[in-house]
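Visitor: Next input, structure requested:
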Amino acid sequence: MMMQNENTSLTPDLKQFIDKFEPVKFKLMKCGIEIRGINDMPANITHAKEIIEKMKLKLVVSHNAEMLSYRGFEVNNIV
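Guide: Numbers count the residues shown, from 1 in each chain. I've put the predicted structure just below:
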């Protein structure tokens, strides 16, 4: 399920990441996407970083303690 913000468009790198990672639920944000509802946070964050590195995408994974409450993390464009 995708929650969309009309002010945001997906960059080619984000599109490639979404196709490869296949998140069940994510929200578009100004600088990237927020992926929510993740059960195994450490494994999924590591997997996201591996995809970004392997595909040489201009993206970065961001996570903080607040996001842990809704089991989420962000994947943002590098500007």
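Visitor: What is the subsequent helix or strand relative to the helix or strand of the chain with the lowest mean pLDDT?
Guide: The helix or strand of the chain with the lowest confidence, counting by mean pLDDT, DSSP states H and E, is strand 2-3 at a mean of 46. Sequence order places helix 12-21 as the next helix or strand after strand 2-3, per DSSP states H and E.
Visitor: How about His63: what's its closest non-neighbour residue?
Guide: Leaving aside its chain neighbours, His63 sits nearest to Phe73 (4.1 Å; criterion: Cβ to Cβ, 6 or more residues apart in numbering). Glycine gets a C-beta too; all of them are placed from N, C-alpha and C.
Visitor: backbone phi and psi for that neighbour, please?
Guide: Main-chain dihedrals, Phe73, degrees, to the nearest 10: phi -150, psi 170.
Visitor: wait, what's in contact with it?
Guide: By Cβ atoms under 8 Å, 6 or more residues apart in numbering, the contact set of Phe73 is 34-35, 38, 41, 44-45, 48, 61-63, 67.
Visitor: Helices - which of the residues you listed land there?
Guide: Counting by DSSP state H, the contacts of Phe73 place 41, 44-45, 48, 67 in helices.
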